[in-house]
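Novice: Using only what follows, build the 3D model:
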Amino acid sequence: MFTGLIEQTGTIEAGRANGTARVLRIGTPLAAELAPGDSISVNGVCLTVTAADAGGFEIDVSPETLRVTTLGQFAVGRAVNLERPLRADARLGGHFVLGHVDGVGRISALEPDGECYWLEVSVPQNLSRGLISKGSIASDGVSLTIARLQGTSVGVQVIPFTWEHTALASARPGDPVNLETDVLGKYVARLIDGRAEDDLAAVRQAGRT
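Specialist: Model prediction:
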């Protein structure tokens, strides 16, 4: 469980194939506090640390994760957002983020807006049901508030602190991003769907009697 509040950014230092999987090494001072077996969010994807030293750590990225996230497109030198899991006794400053990517969107606009920045992301159609105005969304692991929602286009305001302390500063229009919608909203939607299915089944059963 994460919060979407990025602790540090890191840099992809190396990548190599491991069968159909991929091994990435990420350079960051945060590695000094990591050990093999620890969970860590890398651009919004929950992964397991397989090796760590004072200068960086390694992660294995499975074929399925490569398929459904942007991690397979990462090149050496790429900046990434990093967050360790939420401690049970810590404050929840962002929103509940599982690190399970729902889909890949694409930055359609990224422009200065006074001291802040305006970010627009094109979201896959199948995720639109989990989006509400003023609701939460994680983009590359960053907890953001939806300020504008038009169809499958999501607009968010990025404050200077977030811009300076995440990998957003190196993002460009056209870049793909990992998206995770609010987990609470997903549970509510599933509950409603289940009730609708039960109601439909009851109507069909009544029609047979």
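
Novice: If we ignore the residues flanking it in sequence, what's nearest Val154?
Specialist: Val121 (5.0 Å; Cβ to Cβ, 6 or more residues apart in numbering). Any C-beta I mention is one placed from the backbone N, CA and C, and that applies to glycine too.

Novice: The one you found contacts Val104, correct?
Specialist: No - if you go by Cβ atoms under 8 Å, Val121 and Val104 don't touch, sitting 10.2 Å apart.

Novice: neighbour count winner among those two?
Specialist: Val121 (24 against 16; other Cβ atoms under 10 Å).

Novice: buried residues in stretch 166-175?
Specialist: Residues of stretch 166-175 classed as buried: 166-168, 171 (neighbour count, 16 or more other Cβ atoms under 10 Å).

Novice: Quick one: mean pLDDT over that stretch.
Specialist: Averaged over stretch 166-175, pLDDT sits at 96.

Novice: got the CA positions of the helix or strand harbouring Thr48 in CSV?
Specialist: Thr48 is located in strand 45-52, with elements delineated by DSSP states H and E. As requested, the backbone C-alpha atoms of strand 45-52 are provided in CSV (Å, rounded to 0.1, in the frame of the first residue of the first chain):
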residue,chain,number,x,y,z
VAL,A,45,4.2,0.0,-10.2
CYS,A,46,4.7,-2.1,-7.0
LEU,A,47,7.9,-4.2,-7.4
THR,A,48,10.2,-6.2,-5.2
VAL,A,49,13.8,-5.3,-4.5
THR,A,50,16.1,-8.2,-5.5
ALA,A,51,19.5,-6.5,-4.7
ALA,A,52,20.6,-3.3,-3.1
